[in-house]
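Engineer: coords please:
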Amino acid sequence: MTAMDTQTIQETNLRNLLNTGAFRFVDERTPWFPYTSGQVGPYYVQSTTVEKDGVAYATAIQSLVGLIQAEFGAFDAISGGETRDWDFSNPVAIALRKPHLKMYKDGKVLGADIAGKTFLHVADLNNEGSSVRDYWKPIIEQGGGRLAGVVSFVDRMEDGFTVLKKLGIRLFCVVPLDARAWGVARETGHVSPALYAELVARQGNRDAWAEHALLSHPDYFRRFHHDPKTRAKAARIINTYTRISADLERIVNTP
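Structural biologist: Predicted structure coming up:
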């Protein structure tokens, strides 16, 4: 698959994501979004929104299949983890006529036999790589199989690439959320020039962006911490950004 092919696929699927409302971006009311890693960022993405449009969904699956056929050699089966991965891994397995393995975080598995098989994992989104590291790879290995690679529909371009590379796992994606992707979002009018600059700046220095966003909106963080529904997430944020943790503690303890 050539660079031009991958760029076309990235842009086509990104437009579909934008048009189906996959993204929420920071604005005056929401200065940052919390992520499961404990980090905060300028956007939230839900890749399964492409299922709102049958053509967009079919394009996503066709793109995953094409990427797999171009980049991966022989493997025995497709795997997916609970639950959003299944929206992509199941139809990809059907298209490639491969056995499909559904995995749950509690260790339960359904579908393909594992012992002696090589798996390619299909994911909706790659972020920190923690689910693959902590759940999917161990489940496959405990069953006597091997995880050879991961293909995600969307990649947030965070730490997941490094995590999976250290595990010896090949990683590819259809829609990398890189500077080029944000350029497309700007050209299509989905983000303003100012927001585009913010998105690119955050890619250059995630910690600096987060520290500024958190400390510049103390009332927002205080409300986030005081809300019982999000208090645990706030505590995770404080533990993540150790350089400003004392400042964040002072914010939440201010009447």
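
Engineer: could you say which helix or strand holds Ala123?
Structural biologist: strand 118-126 (DSSP states H and E).

Engineer: tell me what that strand is packed against?
Structural biologist: Helices and strands touching strand 118-126, as assessed by 3 or more C-beta pairs under 8 Å, 6 or more residues apart in numbering; DSSP states H and E, comprise strand 77-81, helix 86-96, strand 146-155, helix 160-166. For every residue, glycine as well, the C-beta is placed using N, CA and C.

Engineer: how about a cut-off of 6 Å?
Structural biologist: Applying 3 or more C-beta pairs under 6 Å, 6 or more residues apart in numbering; DSSP states H and E, we find strand 118-126 packed against strand 77-81, helix 86-96, strand 146-155.

Engineer: how about these, which one is nearest Arg222?
Structural biologist: strand 146-155 (31.9 Å; C-beta to C-beta).

Engineer: in the closest one, what's buried?
Structural biologist: 147-155 (16 or more other C-beta atoms under 10 Å).

Engineer: now do that strand against strand 118-126, angle only.
Structural biologist: 20 degrees (axes from the mean of the first three to the mean of the last three C-alpha atoms, to 10 degrees).

Engineer: strand 146-155: how far from the chain's middle?
Structural biologist: 11 Å (C-alpha atoms, centre = their mean, to the nearest Å).

Engineer: C-alpha coordinates for the helix or strand of the chain with the lowest mean pLDDT, PDB please?
Structural biologist: Least confident helix or strand of the chain, by mean pLDDT, DSSP states H and E, is helix 160-166 with a mean of 83. Output of helix 160-166 as PDB, limited to C-alpha atoms (Å, rounded to 0.1, in the frame of the first residue of the first chain):
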ATOM      1  CA  GLY A 160       0.100   3.000  22.500                       C
ATOM      2  CA  PHE A 161       2.500   2.700  19.600                       C
ATOM      3  CA  THR A 162       5.600   2.600  21.900                       C
ATOM      4  CA  VAL A 163       3.900   0.200  24.300                       C
ATOM      5  CA  LEU A 164       3.000  -2.300  21.600                       C
ATOM      6  CA  LYS A 165       6.300  -2.000  19.900                       C
ATOM      7  CA  LYS A 166       8.100  -2.900  23.200                       C
END
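
Engineer: list the buried residues for the next helix or strand after that helix?
Structural biologist: With elements assigned by DSSP H and E, the helix or strand that comes after helix 160-166 is strand 170-176. Using 16+ other C-beta under 10 Å as the test for burial, strand 170-176 gives 171-176.

Engineer: could you say what helices and strands strand 170-176 packs with?
Structural biologist: The contact analysis (3+ C-beta pairs under 6 Å, 6+ apart) places strand 170-176 against helix 3-19, helix 54-71, strand 146-155.

Engineer: the helix or strand that Trp182 is a member of relative to strand 170-176, how many degrees between them?
Structural biologist: Under the criterion of DSSP H and E, Trp182 resides in helix 179-187. Here helix 179-187 runs at an angle of 10 degrees relative to strand 170-176 (the same axes, to 10 degrees).

Engineer: quickly, which of the helices and strands packed on strand 170-176 bottoms out on average pLDDT?
Structural biologist: Among the helices and strands packed on strand 170-176, helix 3-19 carries the lowest mean pLDDT, at a mean of 92.

Engineer: so which bits of that helix are buried?
Structural biologist: Those would be 6, 9-18, for helix 3-19 by 16+ other C-beta under 10 Å.

Engineer: so after it, what's the next helix or strand?
Structural biologist: strand 23-25.

Engineer: what residues does the helix or strand following that following strand touch?
Structural biologist: Next helix or strand after strand 23-25 toward the C-terminus (DSSP H and E): strand 33-34. With contacts defined as C-beta atoms under 6 Å, 6 or more residues apart in numbering, strand 33-34 is touched by 40-41, 44, 233.
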